[in-house]
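>>> take this sequence and fold it.
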Amino acid sequence: MMSLGWNLVWTIINLIVLYLLMKKFLIGPVLGIMEKRKACIAKEMEEARVSREKAEELKVQYEKSLAMAKEESSQILENAKTDARQARESIVKNANDEAAKIIEAAQNTARQEQENAMQGAKKEIAQLAMQAAKKLLLEKSNENSNDMLYDKFLAKAGDADDTDSY
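Have a look, this model is predicted:
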């Protein structure tokens, strides 16, 4: 039975040596590789978390920038509408002022022409009256000829008034 005892001892020693050799050359490097891989995964997870946070911050900044751009574009549009409204009002006011000036000038011209026509008619009537008076004095007139000259005078004066009214 002793042979069994020494075999058992040698077997146990062999197992312990095998275990120590495996631990040193197999399990140690495998565990080291696993620890390195675990650390690498943890590092990549941290980097992914940091990248995600940065992406969320950039997204928030982008949304703020987009909102500001929309607000600015609406403000620019409102300013353009206000400027256009003011320009339109200015153009209409200038056009109305110009139209009023043109109407006033036309009225002044019409009044002046009317006054000139009236003065011309007065002069012609005065000349006709002078001619009639001259004829009366030059001719020895009787009552028939006076009536006839008076009728001629009225006819000429009537013709002068008819031409002025047109």
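>>> quickly find the element holding the residue nearest the centre of the chain.
Centroid-nearest residue in the chain, with Cα atoms, centre = their mean: Ala80, separated by 2.7 Å. In this assignment (DSSP states H and E), Ala80 forms part of helix 28-138.
>>> for Tyr150, same thing?
Going by DSSP H and E, Tyr150 is in helix 143-165.
>>> re earlier: any idea how far Lys93 is from the residue nearest to the centre of the chain?
To Lys93, Ala80 is 20 Å away according to Cβ to Cβ, to the nearest Å. For the C-beta atoms, the positions are set from N, CA and C on the backbone; glycine is no exception.
>>> residue ranges in this protein under the pLDDT threshold?
1-4, 136, 139-146, 149, 158-166 (pLDDT under 70).
>>> tell me which residues are up against stretch 31-46.
Stretch 31-46 is contacted by no other residue when judged by Cβ atoms under 8 Å, 6 or more residues apart in numbering.
>>> just the CA trace of that stretch, in CSV.
Extracted in CSV, the C-alpha atoms of stretch 31-46 (Å, rounded to 0.1, in the frame of the first residue of the first chain):
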residue,chain,number,x,y,z
LEU,A,31,-6.3,36.9,-16.6
GLY,A,32,-3.9,39.8,-17.6
ILE,A,33,-5.4,39.9,-21.1
MET,A,34,-8.9,39.8,-19.6
GLU,A,35,-8.1,42.6,-17.2
LYS,A,36,-6.6,44.7,-20.0
ARG,A,37,-9.7,44.0,-22.1
LYS,A,38,-12.0,44.9,-19.2
ALA,A,39,-10.0,48.2,-18.7
CYS,A,40,-10.2,48.9,-22.4
ILE,A,41,-14.0,48.3,-22.5
ALA,A,42,-14.4,50.5,-19.4
LYS,A,43,-12.3,53.2,-21.1
GLU,A,44,-14.3,53.0,-24.4
MET,A,45,-17.6,53.1,-22.4
GLU,A,46,-16.4,56.3,-20.6
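>>> give me the buried positions along it.
Residues of stretch 31-46 include none that count as buried (16 or more other Cβ atoms under 10 Å).
>>> tell me the angle whichever strand or helix holds Asn7 makes with helix 28-138.
Asn7 is part of helix 2-22, with elements assigned from DSSP H and E. Inter-element angle recorded for helix 2-22 and helix 28-138: 20 degrees (by axes from the mean of the first three to the mean of the last three Cα atoms, to 10 degrees).
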